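Participant: fold the stuff below for me.
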Amino acid sequence: MLDLRIDNATLIDGTGAPGRTGSLGVLNGRITTIGRVDEPARKIIDAEGRVLAPGFIDIHTHYDAQVFWDPTLSPSSHYGITTIVGGNCGFSVAPLADGDTGAYLMRMLSRVEGMPLESLKACSDWGWNSFGEYLDRFDGKLAINAAFMVGHSALRRSVMGERANTDAATPADLAAMQKLLGESLAGGGIGFSTTISPAHSDPDGNPVPSRLANRAEMVALAGVVRNFPGTSIEFSLDVQVPFTAEHVQLMTDISLAAERPLNWNALLPSARAPELFKSQLAASDHAAKQGARVVPLVVVKPGDLRLNFTSGFVLDLLPGWAEILHVPKAERLRTLAEPSVRAILQAGVDEAPANMRASYANFHDWTVAETFSPATKPHEGKVVGDVAKAAGKTSLDMVLDIALADDLKTTFVLPRRHNDAESWELRSTAWLDPRALIGASDAGAHLDMTDSFAFFPQLLSIGVREKKLISLEEAVRQLTSRPARLMGFSDRGELKVGYRADLVVFDPATIDHGPLHTRFDLPAGAGRLFAEAIGVGHVFVNGIEIFRDGQFQGAYPGRAIRSGRDTTTPPMVEAQ
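Facilitator: Below is the predicted model:
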């Protein structure tokens, strides 16, 4: 007898092949039969009118700390994501040499990935040392499967301490980092990640540790990876400008040293700068000519950017604002009401470069997205400039008055970027380009800022159903078998006999996500943006149902995926 049988589904198997009506059987966590299934089962689901697909795979998340306070890894699991990869951008939370390393990484993550520091401190005792010990902490306790990269900044800080943020590595330092990386990969790390992005600085304004590494250090660490099967490389760099020849060659050399694919985050096609993404995509061609593989993760849509005065993230980039925003909340509530302080803030806006003013300080164009008091509720959904004009105030004063009335919880959404038809067409061109892969969710990071975590239902609702820019079968392939092959998940990502029964049943006519809103469910009571799944009927991990019609079923069948044991080495050339 089967454990599970799903009947009358439109089977979209993850390969890009046309959907077909049929059934699927599961026994002991694996797919046993596809097509016609007559064998009785303990659980039978009639999926008529709905799609049965492999569980979705998200290879760019930052759930490294969330595993300790939210074992469902929401909202990703709600959307049908059954496997995630964390530890990206060099920002893993293991290995830890000592308590000081953990304390630094918490502060670093609070800045670069927008995770509330109080939540990071409260979510765990941070008492692990090795990478394997970190994985052991949650293995068998998650709703979905989770794999984690070994981050360069964690390695550097563990070996070099405070010198990691100021010094070049000595030969002894590099040897120690190589040894620690090898131990971490042997302990289950899925690969090596690093960043050279100038956007990645710690709360003290210093570059994160990996940004102090030279080319030789990065290539030497990548060389360790090739000794461990089932591993890969992730890389982050400045994507707002054309890549230099040096950076293109660096990605190529890292891939060659590791003998592994390198994926980078993120390709942002826009009609405002069409040649930029085309030149960045050409880095893949440069690498391929030398036998390397470089794969950009391309966005589905730019996330709607939300800002608030609780974290002050992004706003603190304006000249003079950090000193005012980086103080205890009680002091912030007092000073933001003072005219003299507001004058300093306005002077900082006036001093800021024109592109920064246009991007982050165009207060009159902001929309009041979400409010938290009766006094501010009437402003919700309105444009700040209109509210300010009616009140006879400047837009900056209006923003601050609303925020103060809401105890700084108000979220303001900036004007939507790159939402024109031409930009959607360019992005869809990149989605279908074999050199790229749809991705870049950043789920688990920038918790109060953006909805990029919801790109899975956005691709299926906007890209497939609304705009018809990609077929349903190809969209599913991009979310399943392609990321699985890139990461070496050899028994996931397809509806195939013998594969893990990671499955999602959804309605293609309704799949979407609900309104974006704030949930105050982080440790220590901090808030994060959230959006419920719509049209997702069932989610299975290793054959066990974890969600039914949006309701968690209380099961935790997910595992910590460990390199070599659960993965095979990904190919340097993708099979077409």
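Participant: residues of the longest strand seen in the chain that come out buried?
Facilitator: Scanning the chain for the strand with the most residues, using DSSP state E, yields strand 2-11. The neighbour-count check on strand 2-11 (16 or more other Cβ atoms under 10 Å) flags 2-7, 9-11 as buried. For the C-beta atoms, the positions are set from N, CA and C on the backbone; glycine is no exception.
Participant: got it, and stretch 341-360?
Facilitator: Neighbour count says stretch 341-360 has 341-342, 345, 348-349, 352, 359-360 buried, by 16+ other Cβ under 10 Å.
Participant: ok now the longest strand of the chain, how far from the chain's centre?
Facilitator: Relative to its chain's centre, strand 2-11 lies at 31 Å (Cα atoms, centre = their mean, to the nearest Å).
Participant: just the CA atoms of whichever helix or strand comes after it, as PDB, please.
Facilitator: Downstream of strand 2-11, the first helix or strand assigned by DSSP states H and E is strand 20-27. Provided in PDB are the C-alpha atoms of strand 20-27 (Å, rounded to 0.1, in the frame of the first residue of the first chain):
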ATOM      1  CA  ARG A  20      -0.400  15.800 -18.700                       C
ATOM      2  CA  THR A  21      -3.200  14.500 -16.600                       C
ATOM      3  CA  GLY A  22      -2.300  11.600 -14.300                       C
ATOM      4  CA  SER A  23      -1.700  10.400 -10.800                       C
ATOM      5  CA  LEU A  24       1.400  10.000  -8.600                       C
ATOM      6  CA  GLY A  25       2.200   7.500  -5.900                       C
ATOM      7  CA  VAL A  26       4.500   7.900  -2.900                       C
ATOM      8  CA  LEU A  27       6.000   5.300  -0.500                       C
END
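Participant: strand 20-27 pairs with which strands, parallel or anti?
Facilitator: Paired neighbours of strand 20-27 in the sheet (DSSP bridges): strand 2-11 (antiparallel), strand 30-35 (antiparallel).
Participant: would you format these as TSV with distance to residue 99 and mean pLDDT included?
Facilitator: Below are the strands paired with strand 20-27 laid out as TSV (distance: least, Cβ to Cβ, whole Å; pLDDT from 0 to 100):
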stretch	distance to residue 99	mean pLDDT
strand 2-11	45	98
strand 30-35	42	98
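Participant: closest to residue 51 out of these?
Facilitator: strand 2-11 (4.9 Å; Cβ to Cβ).
Participant: residues of stretch 91-111 that come out buried?
Facilitator: In stretch 91-111, residues buried by neighbour count (16+ other Cβ under 10 Å) are 91-97, 101-102, 104-111.
Participant: helices - which of these land there?
Facilitator: Counted as lying in helices by DSSP state H, out of those, are 101-102, 104-111.
Participant: which one of those residues is nearest to residue 85?
Facilitator: Here the nearest of these to residue 85, counting by Cβ to Cβ, is residue 109; it sits at 16.7 Å.
Participant: now that closest one: closest residue in space that isn't a chain neighbour?
Facilitator: residue 115 (4.9 Å; Cβ to Cβ, 6 or more residues apart in numbering).
Participant: the one you found and residue 518: what is the separation?
Facilitator: Remark: distance between residue 115 and residue 518 (Cβ to Cβ, to the nearest Å) = 15 Å.
Participant: the two: which has the busier surroundings?
Facilitator: The residue with more neighbours, out of residue 115 and residue 518, is residue 115; 28 against 20, by other Cβ atoms under 10 Å.
Participant: how far off centre is the helix or strand encompassing residue 221?
Facilitator: Here residue 221, judged by DSSP H and E, is contained in helix 215-225. Between the centre of helix 215-225 and the centre of its chain there are 24 Å (Cα atoms, centre = their mean).
Participant: mind giving me the packing neighbours of it?
Facilitator: In terms of contacts (3 or more Cβ pairs under 8 Å, 6 or more residues apart in numbering; DSSP states H and E), helix 215-225 is packed against helix 152-160, helix 171-186, strand 191-195, strand 232-236, helix 245-258.
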